[in-house]
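> Sequence below, structure please.
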Amino acid sequence: MTTPTFSVSGLPVLVVGAARSGVAAAHLLARRGAMVTLTDQKATLPEASELQAAGVRLELGRHTMQSFETTRLVVMSPGVPLELPEVARARALGIPVIGELELASRWLRGPIVAITGTKGKSTTTTLVGRMLEAAGRRVMVGGNIGYPVSAQVEASTADTVHVIEASSFQLEATDTFRPWIAALLNFSPDHLDRHPGEAAYAAAKTRIFANQQADDWAVINADSPEAMRMSQQTRARVVRYGLDTDTAEVHAGRGFVWHRTSEGDVPLLPISAVHLSGRHMLSNVVAATAISHLAGATEASLAQALEGFTGLEHVMEPVGQRGGVRFVNDSKATNVDAAARSIESFDKVVAIVGGKFKGGDFADLAEPLRSHGRAVVAIGEARPMVRAALAEVVPVVEASTLADAVRQAWDLAVPDGVVLLAPACSSFDMFRDYADRGMRFKEEVQRLIAEP
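Predicted coordinates for the structure are as follows:
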């Protein structure tokens, strides 16, 4: 998977964006002999002294056009939009613009397993890592989850399997990125506050297949018509998985996850080994099983990887109970489709919905709420939109703080409901990120539980 001819030694390289991926890319480039400038609109940077000691020049508080015009390569952190005028100027001058994932992948020595989709990426990526480790493979998990891929390059070996969660922001800035196994879990409108439109978002996702060849694998969710359509042009060998069709090569039913072969179905994993709530979470397990089986995991290692795995923090996470009311943290349900799947996983749901709107249609929550919902508590900037879309379906109340939302939701859920944080929005109007929102939710729940 490595690109031996790619070298930055002695070249001026500009890294745009000083979040964790940008910082990791700057360190990697400096170690590879580049003359690195790291630019960010933030005026201060906690890692400043460490970066300067590594020989990285810092340009903070602004982006200067001169830096983009005089570099030989621009490397974009995934949090920075490609539509910046400075980026357009660099491209007009013929200067290559790539993302941090693209940069790092050129120096990886081992095979790449890349996983994308609108929802379920983190759970599936984590499970694939566990399954391959249980099978005795040397595994490094990273990308949009855990460590940036740039931070893994120096430890990469020919027998290291790199399991990468790949977001649309990372994939849109790739041009040679080639996974041995690429998986598309699903697709629904998301990140429309960042991408120019749904078509651009879809195009970014499908770049995961762009450089695959006939000896690679594409793993596709047969239950997602959008994913099936988006994968039609792949040159790789296709393996389909699903819950709703036994025509998929890997499917669930009759108590097992099965691999369909020319000689009949072979059981890969007992469904009793799965300790996760919701059909969408079972779909993630089936996806991880299909990917890991392709990569060499045995039936025993698949089951072993699920022992004690109850899910990721902030993903369908049970966080406590008061009386007969359960509290579930799904702060990572940052789009409408993910929130709908979450609501469908329970009954008598009081859903806390809202935040910074980033596209989609809250009306798509109406059907799940009719069948599974009791009420909605609306929070954040999107409160008026949530009320307008859902007030005729279930009672909708508004809360100005998360503490108020938790208490109102509990009142509405008594005596036997589920209070579910499923925001369907990003968190940036009230919190640092989805993890900060989830932690604050759990803190408020614990305060409520502790009250007399």
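> Stretch 126-143: end-to-end distance?
End-to-end span of stretch 126-143 (CA to CA, to the nearest Å): 11 Å.
> quick one: buried residues of it?
Going by neighbour count (16 or more other CB atoms under 10 Å), the buried part of stretch 126-143 is 126-135, 137, 139-143. Just so you know, the C-beta spots here come from the backbone N, C-alpha and C atoms, and that holds for glycine as well.
> of the residues you listed, closest to Arg279?
Nearest to Arg279, judged by CB to CB, of those is Leu127 at 15.9 Å.
> Just give the closest residue to the most centrally placed residue in the chain, not the sequence neighbours.
Nearest residue to the geometric centre of the chain (CA atoms, centre = their mean): Lys121, 4.6 Å. Using CB to CB, 6 or more residues apart in numbering and skipping residues adjacent in sequence, the residue nearest Lys121 is Glu165, 4.8 Å away.
> who touches the one you found in this structure?
By CB atoms under 8 Å, 6 or more residues apart in numbering, Glu165 lies in contact with Ile115, Thr116, Lys121, Ser122, Thr125, Val141, Gly142, Gly143, Asn144, Ile145.
> where does it land on pLDDT?
On pLDDT, Glu165 comes in at 97.
> How much space separates it from Met140?
Distance of Glu165 to Met140, given as CB to CB, to the nearest Å: 12 Å.
> cool, Ala53 as well?
For Ala53, the distance to Met140 (CB to CB) stands at 26 Å.
> what's the answer for Ala248, then?
To Met140, Ala248 is 29 Å away according to CB to CB.
> Distance check, the closest residue in space to Asp429 that isn't next to it in sequence against Lys205.
In this structure, Asp429 finds its nearest non-sequential neighbour in Lys356, 4.2 Å apart by CB to CB, 6+ apart. Noted for Lys356: a distance of 22 Å to Lys205, by CB to CB.
> more crowded one of these two?
More crowded of Lys356 and Lys205, by other CB atoms under 10 Å: Lys205, with 26 against 17.
> how many neighbours does Ala18 have?
When neighbours are counted by other CB under 10 Å, Ala18 registers 28.
> Would you confirm that it contacts Leu38?
Yes: the criterion here is CB atoms under 8 Å, and Ala18 meets it with Leu38 at 5.7 Å.
> Now list whatever residues contact both of these two.
Counting by CB under 8 Å, 6+ apart, the residues touching both Ala18 and Leu38 are Ala26.
> can you pull the contacts of the residue nearest to Asp429?
Applying CB under 8 Å, 6+ apart as the definition, the contact partners of Lys356 turn out to be Asp193, Gly380, Glu381, Ala382, Cys425, Ser426, Ser427, Phe428, Asp429.
> ditto for Leu82
Met76, Val97, Glu172, Ala173 are the contacts of Leu82 under CB under 8 Å, 6+ apart.
> Check those and tell me the two furthest apart.
Spatially, the most separated pair among these is Val97 and Glu172, at 10.7 Å (CB to CB).
> The lowest-mean-pLDDT helix or strand in the chain: which residues count as buried?
Ranking every helix and strand in the chain by mean pLDDT, DSSP states H and E puts helix 198-206 at the bottom, with a mean of 91. For helix 198-206, a neighbour-count test (16+ other CB under 10 Å) marks Glu198, Tyr201, Ala202, Ala203, Ala204, Lys205, Thr206 as buried.
> pLDDT below threshold where in the stretch 101-250 of the chain?
Along the stretch 101-250 of the chain, segments meeting pLDDT under 70 span 189-196.
> Of the buried residues of helix 198-206, which is the nearest to Glu299?
The closest of these to Glu299 turns out to be Lys205 (CB to CB; 30.8 Å).
> Please verify my assumption that that closest one contacts Thr174.
No: applying CB under 8 Å, one finds Lys205 not in contact with Thr174, separated by 11.4 Å.
> which residues touch the residue nearest to Asp223 when sequence neighbours are not counted?
Nearest-residue entry for Asp223: Gly242, 4.4 Å, with adjacent residues in sequence omitted and distances by CB to CB, 6+ apart. For Gly242, the contact set (CB under 8 Å, 6+ apart) comprises Asn221, Ala222, Asp223, Ala248, Val250, His251, Ala252, Ser283, Val286.
> mind redoing it with 6 Å?
Gly242 is in contact with Ala222, Asp223, Ala248, His251, counting by CB atoms under 6 Å, 6 or more residues apart in numbering.
> Name the member of those residues with the most neighbours.
His251 (24 neighbours).
> Which of the three states applies to that residue?
With DSSP: H, G, I helix; E, B strand; the rest coil as the basis, the three-state label of His251 is strand.
> Which strand residues bridge it?
On the basis of DSSP bridges, His251 is bridged to Gly242, Trp258.
> what do you get for Leu269?
According to DSSP bridges, the partner residues bridging Leu269 are Val257.
> go on, Arg138?
Beta-bridge partners for Arg138, by DSSP bridges, are Thr160.
> Shouldn't Thr123 be within a strand?
No: with three-state DSSP as the criterion, Thr123 is helix rather than part of a strand.
> dump the residue contacts of it.
Asn284, Leu312, Val315.
> Inside helices: which ones of those residues?
Of these, the ones assigned to helices by DSSP state H are Asn284.
> rewinding a little: is it possible to export the contacts of Glu165 to CSV including distance to Leu14?
What follows is the contacts of Glu165, written out as CSV (distance: CB to CB, whole Å):
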residue, distance to Leu14
Ile115, 29
Thr116, 27
Lys121, 29
Ser122, 30
Thr125, 29
Val141, 29
Gly142, 23
Gly143, 22
Asn144, 23
Ile145, 26
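> Which one of the residues you listed is nearest to Glu443?
Of all those, Ser122 has the smallest distance to Glu443: 21.9 Å, by CB to CB.
> Leaving out chain neighbours, which residue sits closest to the closest one?
Nearest non-adjacent residue to Ser122, counting by CB to CB, 6+ apart: Ile145, 4.9 Å away.
> Could you do Leu402 as well?
Distances taken as CB to CB, 6+ apart place Arg440 nearest to Leu402, at 5.4 Å, with adjacent residues excluded.
> How many residues are close by the nearest residue to Ser400 once chain neighbours are set aside?
The shortest distance from Ser400 to any non-neighbouring residue, by CB to CB, 6+ apart, is to Ile379 (7.9 Å). Using other CB under 10 Å, Ile379 has 26 other residues around it.
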